[in-house]
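> From the sequence below, what's the structure:
(2 chains)
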Amino acid sequence: MSVLLALAVAWAQDPLPAPAPDLAPPAPSEAEGYCTPRRLALVLEELATKHPDLLRVESLGRSASGLEIPVITLARLEGDSPRSRPALALVAALGDEDLFGTELALSLVRQCVAEARREGPVRELLGRVAVHIVPALHPDLRSQALAALESGTFARAPRRVELDSNFPSGWDPLAEATAGPYPLSEPESRALAEFLVARTNVSACLRLVPPSPERFLSASWLDADLRAQSELWDGIAAQDSGHGAYAPGSFLRFAYEERGCFVVAMPCVFERGGPLALPRIGDIPRLTREALALVLRAARALPTLSLGAPVVGVLGPSQWSLDIEITNIGALPTASARVRELELLTMPELVVHGARIVAAASNVEGESKSMPVRGSKVALAELGGGERVGLRLFLSAAPGADVRIEVRSSRAGSASVAARLE
Amino acid sequence: MASLRPFLSLSVLALVASPLVGQEQPRYRTCEELDRSLDELAALEGARMARLVHPLLSSAGMVAFEIASEGPVDRSARPTLLVLGGFDGLSLSGAEAAVACARALASPASPLSPEVSVVVIPCAARAALTSYRTQQRGDGGDDTPVDTDRDGNVDEDGPDDLDGDGLVLSMLVEDPAGGWVLSDDDRFLVPARALDAPRLALRPEGRDDDGDGRYNEDGPGGVALERNFPLERPVADPSAGALPLSQPAARALADFVLERRVFAVLSLQGAHGALASPGATAAIESWAAGDRALYELCVREFRTATGRAQAGAVSRRAARLVDQGGVAQDWFAVVGGALSLELAPWGPNVAVTARGPMLDARFERPADPDARPPLERDLRWRPYVDDVTGGAAFVPWTPHLIGGARVRIGGWKPWTIENPPPSELARALAGIERFALALAQGAPRLEFDVRAQRDGRIATLRARVRNVGRLPTSLASRSAVRAPSGVTLELALEEGQELLAGRELDELPTLAGGESSAEREWIVLAPEGSNLTLRAVAPWCNAVRVEVRP
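Next up, the predicted model:
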């Protein structure tokens, strides 16, 4: 373990640790360079201390043996809370097949932070979205597997419960022996599910997995969502190489079917070797580049509401019209069709502060249509990726009143603009 | 399967059956009163009942009582009958029935076997039952705030007593998107067909408190514990919980069933008056079909104990006339591996015992294709409302105008179909405690039938395992997440003994009540004077051990 730990420490400081020149290299172990949960916690603590403006580390919960399960939030931590921003979640190391996901996630975090330190697209992106990363969902398994690999005693054996069969969607106790006595019977899967239920702003979930012959998307998913996903993950889904996204009881199936999130399992291609088929630690930087590209693409695609400049017209002494455009600047819709089917979340709404809304109308393809107004709010329809809608508000307020128009959605964040009624 | 025979004296228990004996004014007791009545019983000298202090249940706020006779096996390790009162959050009569069972089983007069333990949770859905009793209505939800209509607000539009009659009943709202129309019996509704008008939406009585154009769509509470279980859980239904077993009480109960050797769960709830086997959905009904003989046996026992005329086994979906996913009863069977039964104290067959179900002649012959007879559930209850209550159990739909909308208010009164009127409670509970005792007494029990002989150092052992109980040693229906459910037979070799033929560890199939296994044979090289030891265990049985000296 000491060799493992020493290398882990070295690697934690540099993704490509140089071999010690004066020492004979120890016999290579498949686990070389992989870090234990304890080491992971230290590294994350150090990162959070060094970059408090970009990175926050919290606890998702505890494993069965009591180990902390960390969740990292990457976002520029200024102004609004990351909880109100569009967000995605990357979950790594659910089982021994994706144990390498921890190293990849950690490396990805480092690169993201490094990019976000300077002005540029990554910094800008982290100003409007939040990226949650769970680097090691199953720390107990990680501890056991790495220790067994190092001692040469590792053997892949069926476990009592596989985390990725223990989520509710398609959970099948009649057919799956490792599904667990009930969905979320394991503290790790329950913690992740509860996280996703609580974070209604998360609209995409990602995993990093080894290539698999299984099909990625389930044919039973809603067409509109399949289309949106295919476009988003262009070049990934087409390879038909996702990892069991629709497998009974899998995390990604749960994320889509019960939480309406868009999902992707990104295949990480590497040379396999050893009982766990882990990539060599030297392959991690290359894999990180690919994973980072995916994560950034997903983050950019997250639905995000934006408001155009308001145009005020006078209708009477204290009555006004206000035209405004609302745009979803993300490539993904403000909510999936599955969210709408389940009626999981509140619809987007527009709120006016500083004036009373008398009526509201939408303008779609030149046709004006009355919209329901409730108090100071107008209920909006969900917007597709890149969709723009025009809205005309009929307001009542004293001349010269300053109003603020705010649009908000569970998964597409919020935006606001100010106008003066004159 | 063993033949039917009454295996307890029914008269013995009649004395302790009714919880209402000696009360002047029948009424439903609060959960605290029910617990207190059992605490008082437990405090009596020589009582074999005590509050069960179990970390899982206690931490979830569940009050449980354990009843067990003195015996050699620790009570927590014995096959356990779990009795749940009102786990649906509606059946106050189920909670009363659970207390009646506890009183009967704890009585020194009852022949409770020292082989089993009985755990009774009188108010298994405490918050929901308390709310139901106070409000005289409910939906089975606990006190967890739920955003039922997903508008970002919680519990903002609940029912009201609009017409000031002191009751919150149902309300029909004329709505082109409504799913109902009145049936030929204009008290009852049937699903609307194309071109039907006026179409009606069925809501609880009350105003549109939040002004969203919908009536009473997000009232107080909650998650229904009994529907917070995993199998085929309805994802889109907020009352089933955001996640399976999201409610601490539901999870505690699930973990308790997994931890203990629970061979049977008797859920006292529902308003169909029957004993229902697992299968709240078609898939689980089909899965449970492999144990039909067992459920038929239970129905025969149910008939004997209660005097109710149930012809044969019925699944829960058939008894309730509706499919429900995510129910506890099905999970107890599929994953818990228990004989899981729902017994409804109240139901139309109980309410109208004297005359039996009556159907109006015009509805027996629906020759007219335009005829719209009421739904089956309403047909079953109609004799009760007409013949027993003279129509008083149902408030006719009466027009009202609220905020410009035309509505009709009416429906079933409280204490009619979900729970019996308090005056009828004793009749609804009659015999249920006898059935519970029959279940406890029917627990399977293993015995050995062994023959051994020796020729020098070679010993030959032949043995059968017999189930001398009434119930089988496990369910026949299997699931992947449970351990093998047959009878495990082990020859425990001592030092110096060597197995020459036969299996040291053998899996025998499930044994029905009274059934013997096929004979197994072992040849053992054993020093003279040494003993041979056999052990057997099955999911619903205590382990048994026999030592023989050939």
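
> Only C-alpha atoms from now on, for both contacts and neighbour counts.
Fine.

> Which secondary structure state is assigned to residue A:35?
Each residue gets one of three states, and residue A:35 gets coil by DSSP: H, G, I helix; E, B strand; the rest coil.

> And it, how far from chain B?
Residue A:35 sits 33 Å away from chain B, going by C-alpha to the nearest C-alpha, to the nearest Å.

> Now for that residue, how many residues are close by?
Residues contacting residue A:35 under the criterion other C-alpha atoms under 10 Å in any protein chain shown number 25.

> didn't residue B:192 look like it was pressed against residue B:183?
No. In this structure, residue B:192 sits apart from residue B:183 without contact. The criterion is C-alpha atoms under 8 Å, and the distance is 9.5 Å.

> Please parse the chain into its domains.
Went with chain A since none was named. Segmentation of chain A into domains, based on automatic domain parsing, reads A:2-301, A:305-420.

> switch to chain B, that's the one I care about
Chain B breaks down into these structural domains: B:10-133+B:222-346+B:419-441, B:149-220+B:375-414, B:446-548 (assignment by automatic domain parsing).

> Tell me the gap between stretch A:259-277 and the middle of its chain.
A distance of 16 Å separates the C-alpha centroid of stretch A:259-277 from that of its chain, computed with C-alpha atoms, centre = their mean, to the nearest Å.

> quick one: buried residues of it?
Neighbour-count burial for stretch A:259-277, counted by 16 or more other C-alpha atoms under 10 Å in any protein chain shown, picks out A:259-268, A:270, A:276-277.

> same check, this time on stretch A:56-75
When burial is assessed from 16+ other C-alpha under 10 Å, stretch A:56-75 yields the following buried residues: A:56-58, A:60-63, A:67-75.

> for stretch A:135-152, same thing?
By neighbour count on 16+ other C-alpha under 10 Å, the buried set for stretch A:135-152 is A:135-142, A:145-147, A:149-150.

> could these be laid out in TSV, adding pLDDT?
Shown next, in TSV, are these (pLDDT from 0 to 100):
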residue	pLDDT
A:135	96
A:136	96
A:137	97
A:138	95
A:139	94
A:140	93
A:141	91
A:142	90
A:145	86
A:146	85
A:147	84
A:149	77
A:150	76
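
> So residue A:250 is in contact with residue A:169, correct?
Yes. Because the distance of 7.2 Å satisfies C-alpha under 8 Å, residue A:250 is recorded as touching residue A:169.

> hang on, the earlier thing: considering the buried residues of stretch A:259-277, which is situated nearest to chain B?
Chain B lies nearest to residue A:259 out of these, by C-alpha to the nearest C-alpha, at 9.4 Å.

> Which of the three states applies to that closest one?
Counting by three-state DSSP, the backbone at residue A:259 sits in coil.

> Tell me who's in contact with it.
The neighbours of residue A:259, taking C-alpha atoms under 8 Å, 6 or more residues apart in numbering or on different chains as the test, are A:196, A:197, A:339, A:344.

> Can you tell me the closest non-neighbouring residue to the last one?
Once its chain neighbours are removed from consideration, residue A:344 has its nearest residue in residue B:150; the separation is 6.4 Å (C-alpha to C-alpha, 6 or more residues apart in numbering or on different chains).

> gap between that neighbour and residue B:237?
Plainly put, residue B:150 is 11 Å away from residue B:237 if you go by C-alpha to C-alpha, to the nearest Å.

> what's the answer for residue B:402, then?
Using C-alpha to C-alpha, residue B:402 is found at 28 Å from residue B:237.

> Check residue B:52 too.
The span separating residue B:52 from residue B:237 equals 33 Å under the rule C-alpha to C-alpha.

> Do me a favour and get the end-to-end distance for stretch B:120-139?
Using C-alpha to C-alpha, the distance between the terminal residues of stretch B:120-139 is 23 Å.

> can you map out the helices along chain A?
Here chain A has its helices, by DSSP state H, at A:2-13, A:37-50, A:101-116, A:121-128, A:139-151, A:187-198, A:223-232, A:251-257, A:284-301, A:337-342.

> What average pLDDT does the first one get?
Right, the one you point to is helix A:2-13. For helix A:2-13, the mean pLDDT works out to 38.

> just to revisit the earlier point, give me every residue that touches the residue nearest to residue A:344.
Shown in contact with residue B:150 (C-alpha under 8 Å, 6+ apart): A:343, A:344, A:345, A:346.

> burial count for the third one?
Other residues near residue A:345 number 21, with proximity taken as other C-alpha under 10 Å.

> In terms of pLDDT, where does the closest residue to it other than its chain neighbours sit?
Spatial nearest neighbour of residue A:345, chain neighbours left out: residue B:150 (5.7 Å); criterion: C-alpha to C-alpha, 6+ apart. The per-residue pLDDT reported for residue B:150 equals 74.

> can you confirm residue B:150 is in a strand?
No. Under the criterion used here (three-state DSSP), residue B:150 is coil, not part of a strand.

> Ramachandran angles for the residue nearest to residue B:528 when sequence neighbours are not counted?
Distances taken as C-alpha to C-alpha, 6+ apart place residue B:457 nearest to residue B:528, at 5.9 Å, with adjacent residues excluded. Per-residue torsions, residue B:457: phi -90, psi 0 (degrees, to the nearest 10).

> Residue B:457 touches residue B:529, doesn't it?
No. With the criterion set as C-alpha under 8 Å, residue B:457 and residue B:529 do not qualify as a contacting pair; they are 9.4 Å apart.

> Compare these two (neighbour count), which wins?
Set side by side, residue B:457 and residue B:529 give different neighbour counts by other C-alpha under 10 Å, the larger being at residue B:457 (14 against 9).

> Give me the pLDDT value at the more buried one.
94.

> what's the answer for residue A:364, then?
Residue A:364 carries a pLDDT value of 73.

> check contacts around it.
With contacts taken as C-alpha under 8 Å, 6+ apart, residue A:364 has the following neighbours: A:389, A:390.

> swap the cut-off to 10 Å and go again
Going by C-alpha atoms under 10 Å, 6 or more residues apart in numbering or on different chains, residue A:364 touches A:388, A:389, A:390, A:391.

> quick one: which of the residues you listed is nearest to chain B?
Among the contacts of residue A:364, residue A:391 lies closest to chain B (C-alpha to the nearest C-alpha), at 20.7 Å.

> is it true that that closest one touches residue A:368?
Yes. Taking C-alpha atoms under 10 Å as the contact criterion, residue A:391 and residue A:368 are neighbours in contact, 9.0 Å apart.

> Neighbour count: those two, which is higher?
Under the neighbour definition other C-alpha under 10 Å, residue A:391 and residue A:368 were set side by side, and residue A:391 has more, 24 against 14.

> Quickly list what that one is bridged to.
Here residue A:391 sits in beta bridges with residue A:324, residue A:362, going by DSSP bridges.

> Need the pLDDT of it.
Residue A:391 carries a pLDDT value of 95.

> how about it, what does it touch?
With contact set as C-alpha under 10 Å, 6+ apart, residue A:391 has these partners: A:310, A:322-326, A:350, A:360-364, A:368-371, A:378, A:380.

> let's see it at 7 Å
With contacts defined as C-alpha atoms under 7 Å, 6 or more residues apart in numbering or on different chains, the neighbours of residue A:391 are A:323, A:324, A:325, A:361, A:362, A:363.

> swap in residue B:340?
With contacts defined as C-alpha under 7 Å, 6+ apart, residue B:340 is in contact with B:264, B:265, B:266, B:277, B:278, B:329, B:332, B:333.

> now residue 233, nearest residue through space, not along the chain?
Picked chain A for this. Using C-alpha to C-alpha, 6+ apart and skipping residues adjacent in sequence, the residue nearest residue A:233 is residue A:264, 7.4 Å away.

> hm, I was asking about chain B
When the adjacent residues along the chain are set aside, residue B:233 lies closest to residue B:326, with 3.8 Å between them (C-alpha to C-alpha, 6+ apart).
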